[in-house]
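Engineer: Fold the following and give me the result.
(one chain, ligands or ions: 1)
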Amino acid sequence: MGTSRPKSRIVSAGHREFNRLLNRLRPMVPPTGWEVLQTLQSNSRGGPLILAPPHERVLVLAPHPDDEILGCGGATALLCAKGRAIRTLIATDGERLPVPGVQPLEVGELRREDALRAAVVLGAPPPVFLGFGDGSLAAVLNDLSAVISRHVAEFRPDALYAPWLFDAHADHRALAMAVALASVPATTEVWGYEVWAASPANRLVDVTSVWDDKNRALGEHRVPAGVFDTAGHLALNRWRSIHGSGSGYMEAYFALHFSDYSQLAAELRAASPYHPA
Ligand SMILES: [Zn+2]
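Structural biologist: Just a heads-up that it's a prediction; the model follows:
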């Protein structure tokens, strides 16, 4: 219909003007006020909640060294700056990443060193390396979930950050599924982060203030940087800002209480050939 075009132009012009106003206000608004403004902006279109990560104790779960930065390095940096407790488990050494002239064992060692340096940049404790085989997590779901259960019991996190259930890498989906099989209190939050596939996010974290830290931490992951271009992953963080003021960077999460998360995962396991049975 011809009449709809002028209307959509007016709406988008108003939206851009509102974003310009928001961005001009930013230096004058305290961080919590900024979150509220951006969430109002997001909610006006039924978008995700924009908030600082509210957790006191977070168990970060990464399939490979670098996922803990790509997926949730910004939120982790924000939490570390506030003195919150972080424990990071890295399931594999990522030793199957093809690096010309370097044997898998050595690739794994180098990637552990990468992750240790990256944690220092974020101010996070050294990660715990679980040593499962890269590319084989779907075959060890029960062992993996037992390890997660033990760390949950010891560390008592109020949230787990893990790959979201439909990530486009089999190890990522397997780790997401192992979380669902672990013993976790029903009200503990599971925040699924995105690496190889964009998530239907219901939580966004504005990581603009720690963007340099996230990039420096990712820069410490020298092995993957020589194999694939992480700028593509980081573009997801730039794109996510469309839900707020349109400037800066955001990390997206699909967050559920564990009781709902485990129920959803069980239904996926039963119905989806895309998920480990
Ligand atoms: Zn990965």
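Engineer: chain center to stretch 24-41: distance?
Structural biologist: 23 Å (Cα atoms, centre = their mean, to the nearest Å).
Engineer: For A170, which residues are in contact?
Structural biologist: 135, 137-138, 276 (Cβ atoms under 8 Å, 6 or more residues apart in numbering). Glycine gets a C-beta too; all of them are placed from N, C-alpha and C.
Engineer: May I ask which of those residues comes out lowest in pLDDT?
Structural biologist: Note: of those, the lowest pLDDT belongs to P276, at 78.
Engineer: The ion versus that one, what's the distance?
Structural biologist: As judged by Cβ to the ion, to the nearest Å, P276 and the ion stand 16 Å apart.
Engineer: circling back to that earlier point, just among the contacts of A170, which is most surrounded?
Structural biologist: Tallying neighbours with other Cβ atoms under 10 Å puts L137 at the head of the contacts of A170, with 27 neighbours.
Engineer: that older thread, as CSV, the contacts of A170 with distance to H15 and secondary structure would be great.
Structural biologist: Shown next, in CSV, are those (distance: Cβ to Cβ, whole Å; DSSP: H, G, I helix; E, B strand; the rest coil):
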residue, distance to H15, secondary structure
G135, 44, coil
L137, 42, helix
A138, 43, helix
P276, 42, coil
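Engineer: my guess is A168 meets S199, correct?
Structural biologist: No - taking Cβ atoms under 8 Å as the definition, A168 is not a contact partner of S199, at 10.8 Å.
Engineer: the more surrounded of these two?
Structural biologist: S199 (22 against 13).
Engineer: give me every residue that touches N43.
Structural biologist: Contacts of N43 by Cβ under 8 Å, 6+ apart are L49.
Engineer: do the same with A81
Structural biologist: 123, 210 are the contacts of A81 under Cβ under 8 Å, 6+ apart.
Engineer: Burial check on the nearest residue to F166 once chain neighbours are set aside, number of neighbours?
Structural biologist: The shortest distance from F166 to any non-neighbouring residue, by Cβ to Cβ, 6 or more residues apart in numbering, is to A197 (6.0 Å). Other residues within reach of A197, judged by other Cβ under 10 Å, total 14.
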